[in-house]
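Visitor: prediction below, plus the sequence it came from.
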Amino acid sequence: MSIVRSSYVGEAAITAVGEQLAVTVAPSLGGKLVSLVHRPSGVELLRQPSSREEYQARPILFGAPILFPPNRIADGRFQFADQTYQFDLTEPSKHNHIHGFVAHRPWQAETVEGGRRTAIVVTFDSAHHPEVLRQLPQRFTIVVEYVLDGPRLIKRATVENHSERPLPFGFGYHTTFRFPLADGGHLKDCRFSLPVSKQWQLDARNLPTGRQDPVPASVAENLPLAGVARDDVFSTAAGVPNRAVLRDDAAGLKVHYDCAEPFRFWVVYNADGKQGFLCPEPYTWVTNAPNLALPADETGMSALEPGERRILETSIAVLPL
């Protein structure tokens with residue numbers, strides 16, 4: 001394995017190259033994964049922009065942005081542990097805050113080479129961002145390690161609360177895969193399965209109403225996508241591995257997206273179902289969790305206590321059929 005300096009839409013980037021995968025991370029663009037190439041086939045798994053202008057128009061739809069907290073918070077406002085929070089309205093058309101504080105701000109980066117471990121490590125420290133502390137005054141750090149392990153990319157995030165107050169905690173990724181996976185493919189040759197048992201009903205602002213409808217196993221095993229517009233919120237099924245699977249028979253590849261606890265929710269987004277991409281988004285809390293009048297074990301609402309550190313692991317494996 002090796003690590004080389006590279007670029008992405010004109011920004012400095014870092015690429016780690018292994019026998020099976022090559023991955024690129026852009027520290028200045030939210031520390032996110034921006035390229036994932038299956039080297040034996042030459043297939044790029046993640047959606048790529050044709051220009052910097054296309055990237056800047058919708059940066060959330062390229063690569064795998066890190067979301068802290070994920071998705072929407074109604075009016076950007078909630079109360080937690082005797083404290084009132086007011087986040088900026090970053091989705092003004094629906095009067096919501098969306099996707100948190102770290103997805104588009106610069107991160108610091110380092111690389112690790114030697115022995116059996118090759119990794120790209122990126123760090124976000126809210127102490128360096130007054131506009132973040134204005135909205136979320138508890139100082140926090142997030143360290144994400146991107147580790148190559150044969151056909152797998154392991155993403156290991158460590159979130160730490162450095163303040164003296166509980167820190168509301170929700171974390172996720174907005175991973176935008178090309179789907180179909182290869183050029184010239186068709187959705188008729190593809191299959192997407194998700195380990196979910198319930199779907200949350202959403203209102204006109206894409207916020208959960210609190211109602212959850214059952215998802216039949218037959219639907220979860222082959223979620224309809226062709227021509228179906230999706231911006232849907234799901235809860236995982238109990239007692240099964242939390243693994244989303246993207247399969248493209250024509251490309252001869254499948255992707256296993258594995259998420260360990262406390263990831264218990266998935267959002268699935270594909271615009272109008274005709275754009276050639278699919279976003280399976282694993283979350284630790286459901287959309288608008290701080291404002292839902294439901295038990296925490298249903299919403300995923302939690303906190304990091306003062307000085308607490310939490311480690312979250314996901315992995316993406318690219319495998320031949």
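Guide: Received the coordinates, thanks.
Visitor: what about the residue nearest to the spatial centre of the chain, distance to residue 315?
Guide: With distances taken as CA atoms, centre = their mean, residue 173 lies nearest the centre of the chain, 0.9 Å away. Computed as CB to CB, to the nearest Å, the residue 173 to residue 315 distance reads 12 Å. C-beta here means a position set from N, CA and C on the backbone, and glycine is covered the same way.
Visitor: spit out the residues that contact those two alike.
Guide: residue 155 (CB atoms under 8 Å, 6 or more residues apart in numbering).
Visitor: for this protein, longest strand please?
Guide: The strand that spans the most residues within the chain, counting by DSSP state E, is strand 309-320.
Visitor: quick one: buried residues of that one?
Guide: The neighbour-count criterion (16 or more other CB atoms under 10 Å) identifies 310, 312-318 as the buried residues of strand 309-320.
Visitor: and for stretch 247-257?
Guide: Buried residues in stretch 247-257 (16+ other CB under 10 Å): 247-248, 251, 253-257.
Visitor: how about stretch 77-87?
Guide: 78, 80, 85, 87.
Visitor: from the buried residues of stretch 247-257, pick the one nearest residue 199.
Guide: Closest approach between the buried residues of stretch 247-257 and residue 199, by CB to CB: residue 257, at 18.5 Å.
Visitor: in space, what's closest to the closest one - neighbours in sequence excluded?
Guide: residue 244 (4.3 Å; CB to CB, 6 or more residues apart in numbering).
Visitor: return the residues in contact with the one you found.
Guide: Contacts of residue 244 (CB under 8 Å, 6+ apart): 192-195, 256-257, 259, 266, 280, 282.
Visitor: repeat that for residue 67.
Guide: 99-100, 102-103, 171-174, 281, 283.
Visitor: also residue 309?
Guide: Contacts of residue 309 by CB under 8 Å, 6+ apart are 158-161.
Visitor: can you tell me which of those lies nearest to residue 304?
Guide: residue 161 (3.9 Å).
Visitor: pull the CA atoms of stretch 134-144 into CSV?
Guide: Extracted C-alpha coordinates of stretch 134-144, given in CSV (Å, rounded to 0.1, in the frame of the first residue of the first chain):
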residue,chain,number,x,y,z
ARG,A,134,-21.9,30.1,18.5
GLN,A,135,-24.5,27.4,17.8
LEU,A,136,-23.2,24.4,19.7
PRO,A,137,-21.1,25.9,22.5
GLN,A,138,-19.7,22.6,23.8
ARG,A,139,-16.3,22.1,22.4
PHE,A,140,-16.0,18.8,20.5
THR,A,141,-13.5,17.0,18.3
ILE,A,142,-14.1,14.4,15.6
VAL,A,143,-11.3,12.2,14.3
VAL,A,144,-12.0,10.0,11.3
